[in-house]
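Trainee: Coordinates for the following, if possible.
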Amino acid sequence: MTGKSGNIILIGMIAGAALGVMGGLWLGDVFLATAFIGTIFLNALNMVVIPLVVASMIVGITSLGDISKLGRTSGKTILFYMTTTGMSVFVGLILVNIIHPGSGVELWQTEIPEMVKSSDKKGIIDVIIGLVPKNVFKAAAEGKILPLIVFSLLLGGVLSAIGEKARTVISFFEGFSLAMMKIVHLIIYIAPLGVMSLIGTIIAQNRDSVEQLVSGLGWYSFTVILGLSIHGLITLPLLLKYLGNRKPFPYFLNMGPALTTAFTTASSSATLPITIESVEVKNKVDSRAASFVLPLGATINMDGTALYEAVAAMFIAQIWGIELTFGQQVIIFLTATLASVGAAGIPHAGTVMMVMVLNAVGLPLEGIGLIFAIDWFLDRCRTTVNVWGDSVGAAVIAETKEFSNSGGGTILSRLFGKK
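Mentor: Got it, this is the predicted structure:
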């Protein structure tokens, strides 16, 4: 896709989002009747996610050459993502303690959402067990990306170790990956229409809760959005500039289609095909790094989700009049950081994982029901930050010695060493 056509599509997506908002408010019935258009667009994205993830990761791993690079790259990627996630949670906790959004909020009758009840007994151990699927095809059919990443890591590593005898299989995945990216390009052409339909339908379905965004839950929403803004517009761009050796603003503009899709779909997994296209093609990040880092990031890097979970837990405690000690807030910090890793890249996944955070400090799960009414909006905000963080991670890891052949002088080169 050329730069000119890409800019036209981006403008179309932004215009589609704006028309969707206005249409959802004023022509809600029309958008509800034509919601199938957005569903087709979302299905098209989800259709290519699994094959693209598997093929891209295998190609990325085999392209590393030396299998020992896999362990180093994985370690650096996880370290970077866990660090940025921790930074986002820290920002969220500072803001929620300063703003105190739960003070004076009326405690109205609420219930635990059904989707949360079913996950009440799940913990970190369940996430770890889920890393190894009983049946890789069943995991693919159910859209479970994390176990597929583990399988792809193993298969890519084994293919690299086999060497020349595996060349035919590697060539197959290389061609398959290119074919999937071509399909992504075709899907992007219908993105403006899909974005308009999805946004319009979302607004039409949630018109009654819009008032809550600026009333009883206004300060809570403000705290979450402010935290996401600080992390997305200050922390991540600084990391991109000094660790990724990139100019943040042009890089951000080139991520426009992916970020717009992330806000529209509230799913980092569904956005992944467009994220890969934006990072590799438009921002020209080393495809070996992007194909490895981005699928992993879409699953374990949830900066926005972790910040949201920390703020939400503190907000619920403030409403109930529960004073959390410094030690309990440290527990929230650690649990929100870890729980976000297990959050699937699908809508409302962060809300489900919040069960771990609330249980860790003994807060009532009914509190989730208080904020669930406006989660449809905040979910989109945090997903956008998640995808932005994934793209920054790809640029940063591309600067490590496993990928970079230049002699630049970034901070990262001094930390990890550069050729």
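
Trainee: Which helix or strand contains G227?
Mentor: G227 belongs to helix 218-230 when elements are defined using DSSP states H and E.

Trainee: Which residues does that helix contact?
Mentor: Applying CB atoms under 8 Å, 6 or more residues apart in numbering, the contact partners of helix 218-230 are 88, 91-92, 95-96, 99, 101-102, 105, 213-214, 304, 307-308, 311-312, 315, 371, 374, 377-378, 381-382, 384-385. No exception for glycine: its C-beta is placed from N, CA and C like everyone else's.

Trainee: hmm, 6 Å instead?
Mentor: Helix 218-230 is contacted from outside by 91-92, 95-96, 99, 101, 213, 304, 307-308, 311, 315, 378, 381, 385, using CB atoms under 6 Å, 6 or more residues apart in numbering.

Trainee: Over to stretch 169-188?
Mentor: Contacts of stretch 169-188 (CB under 6 Å, 6+ apart): 1, 9, 44, 48, 51-52, 55-56, 58-59, 62, 159, 273, 277.

Trainee: Now stretch 71-82: buried residues?
Mentor: Residues R72, T73, K76, T77, F80, Y81, M82 are the ones in stretch 71-82 that count as buried (16 or more other CB atoms under 10 Å).

Trainee: ugh, typo on my part, it should be stretch 38-49
Mentor: G38, F41, L42, A44, L45, N46, V48, V49.

Trainee: Please apply the same query to stretch 278-296.
Mentor: Buried residues in stretch 278-296, counting neighbours by 16+ other CB under 10 Å, are found at 278-283, 285-296.

Trainee: again with stretch 313-327
Mentor: A313, M314, F315, I316, A317, Q318, I319, I322, L324.

Trainee: Quick check: end-to-end length of it?
Mentor: End-to-end distance of stretch 313-327: 14 Å, with CA to CA, to the nearest Å as the criterion.

Trainee: Going forward, count from 356.
Mentor: Renumbered: residue one is now 356, and that last one reads stretch 668-682.

Trainee: Residues in contact with it: which ones?
Mentor: With contacts defined as CB under 6 Å, 6+ apart, stretch 668-682 is touched by V451, P456, G457, V460, L462, Y575, I687, V712, L713, L718, G722.

Trainee: Mind picking the lowest-pLDDT entry from the residues you listed?
Mentor: The weakest per-residue confidence within those falls on L462 (59).

Trainee: Identify the residues contacting W743.
Mentor: Per CB under 6 Å, 6+ apart, neighbours of W743: G587.

Trainee: distance of it from G652?
Mentor: Using CB to CB, to the nearest Å, we find W743 at a distance of 10 Å from G652.

Trainee: Where do the helices of the stretch 356-505 of the chain begin and end?
Mentor: Secondary structure of the stretch 356-505 of the chain by DSSP state H, counting those that start in this stretch: the helices cover 358-381, 383-388, 390-417, 423-454, 469-472, 479-484, 491-496, 500-517.

Trainee: and among those helices, the most buried is which?
Mentor: Sort the helices of the stretch 356-505 of the chain by mean neighbour count, taking mean count of other CB atoms under 10 Å, and helix 390-417 sits at the top with a mean of 21.

Trainee: between that helix and helix 358-381, how many degrees?
Mentor: 140 degrees (axes from the mean of the first three to the mean of the last three CA atoms, to 10 degrees).

Trainee: and the residue nearest to S642 when sequence neighbours are not counted, how far is that from V513?
Mentor: With CB to CB, 6 or more residues apart in numbering as the criterion, S642 has its nearest non-adjacent residue at 4.9 Å, and that residue is E635. For E635, the distance to V513 (CB to CB) stands at 25 Å.

Trainee: got it, and G375?
Mentor: According to CB to CB, G375 stands 46 Å off from V513.

Trainee: Tell me, how many residues neighbour Y544?
Mentor: Number of residues near Y544 (other CB atoms under 10 Å) recorded here: 13.

Trainee: ok, it - contacts?
Mentor: Contacts here follow CB under 6 Å, 6+ apart; on that basis Y544 touches nothing.

Trainee: can you pull the pLDDT of it?
Mentor: 88.

Trainee: From W743, how far off is the residue located most distally from the centre of the chain?
Mentor: Relative to the mean C-alpha coordinate of the chain, counting by CA atoms, centre = their mean, the farthest residue is K520 (36.7 Å). K520 is 41 Å from W743, where distance means CB to CB.

Trainee: what kind of secondary structure is R601 in?
Mentor: R601 falls in the coil class when you classify it by DSSP: H, G, I helix; E, B strand; the rest coil.

Trainee: That one touches A750, doesn't it?
Mentor: Yes. When contacts are counted by CB atoms under 6 Å, R601 is listed as touching A750 (5.2 Å).

Trainee: For those two, list the residues in contact with both.
Mentor: In terms of CB under 6 Å, 6+ apart, R601 and A750 are both contacted by the residues L595.

Trainee: and whichever strand or helix holds T556, what does it pack onto?
Mentor: Assigned by DSSP H and E, T556 falls within helix 546-560. For helix 546-560, the contact count by 3 or more CB pairs under 6 Å, 6 or more residues apart in numbering; DSSP states H and E identifies helix 358-381, helix 383-388, helix 390-417, helix 611-620 as packing neighbours.
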